[in-house]
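Participant: fold the stuff below for me.
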Amino acid sequence: MSLILTEELARGIEQSEIELLESRLTGVQKIAGNLMGVEIKKFGDAVAFYVKNIPGPSFNNVKGMSGNNLNEIDGILDFYHERGIPANFEITPAHCSAELFKLLSERGYFQRGFRTALYGSLSDDFTLSEAQDISIREFEYDEFAIFGQIYTKGFNMPASLSEFVAQNNQVLHQNKQWTFYLASVKGEPAGIGVLFEKDGIATLAASATIPEYRNKGVHSALIAKRLQHALQNHCNMIVGQTAYGSGSLRNMERAGMKIAYTKAIWTKL
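Facilitator: Below is the predicted model:
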């Protein structure tokens, strides 16, 4: 049966994003006595994430911000200012308000982009077949160097970050909520996919394909494999997020997922 989007469901999807990032960064926090400098702080319903040694907005952002948290804005801004970076707010339609946008604007913030969240019921008939010539299996603990190489190539990151990415994902390998997949084309490593599961919700946590293997069905096959795993584990909903209008979004829709909302990304002028 298809899930009908409600405000309550939208907030549940947002909460699953928060729980995923909390789980990931809690794992990273355990590396060598918090070598990465992870901090997670709650401000009412909002959660501020900060990672000193991982620059950029991916891990340094505020989730769960709403019009009910206006009195928390200055505390959040101070939290990031004390750490030498601007705050990045991810604001969903279910939590937005004119007062929130006005206050952020007054503090020198502006909307710089969008990001789309998708969802689907795992009782639906998803396409689960894998493409020909593509094989997918779970990563072994000692194979995360390959994960780091594919991830950095897939996201056009410096190769020097490969070991860093490998370490920050390997630490989650023994956590039963996380599953890491390697996709190969004719025996050659081509892509990676990550699945996070909690409270019956499965999240397509990350996926990357090496440029020379794109447009060969690798991403779609990784989606199918993760949906199959989630079904076997009796999850009832699948969620994921991606850039608006991207190829990843289209592949998720082809698998039967629907757009839940497009959230606004706000940052400092």
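
Participant: check whether residue 268 really touches residue 112, as I assumed.
Facilitator: No. Using C-beta atoms under 8 Å, residue 268 is not in contact with residue 112; the gap is 9.4 Å. Where C-beta positions appear, they are placed from N, C-alpha and C, glycine not excepted.

Participant: so residue 84: helix, strand or coil?
Facilitator: Following DSSP: H, G, I helix; E, B strand; the rest coil, we place residue 84 in the coil state.

Participant: next, count neighbours for the closest residue to residue 10 other than its chain neighbours.
Facilitator: Excluding the flanking residues, the one nearest residue 10 by C-beta to C-beta, 6 or more residues apart in numbering is residue 94, at 4.0 Å. For residue 94, the tally of surrounding residues (other C-beta atoms under 10 Å) stands at 19.

Participant: likewise for the one 4 residues further on?
Facilitator: Applying the criterion other C-beta under 10 Å, we find 8 residues in the vicinity of residue 98.

Participant: so what's it up against?
Facilitator: Applying C-beta atoms under 8 Å, 6 or more residues apart in numbering to residue 98 gives no contacts.

Participant: again with residue 27
Facilitator: 168, 171, 172, 175.

Participant: just give me the residue closest to the centre of the chain.
Facilitator: residue 205 (4.6 Å; C-alpha atoms, centre = their mean).

Participant: so that one touches residue 197, yeah?
Facilitator: No. Judged on C-beta under 8 Å, residue 205 makes no contact with residue 197 at a distance of 9.6 Å.

Participant: number of residues surrounding residue 269?
Facilitator: For residue 269, the neighbour count with other C-beta under 10 Å is 9.

Participant: go on, residue 177?
Facilitator: 18.

Participant: got a list of contacts for stretch 197-206?
Facilitator: Contacts to stretch 197-206, defined as C-beta under 8 Å, 6+ apart, come from residues 12, 16-17, 19-20, 23-24, 122, 151, 177-179, 192-196, 223, 226-227, 229-230, 233-240, 252.
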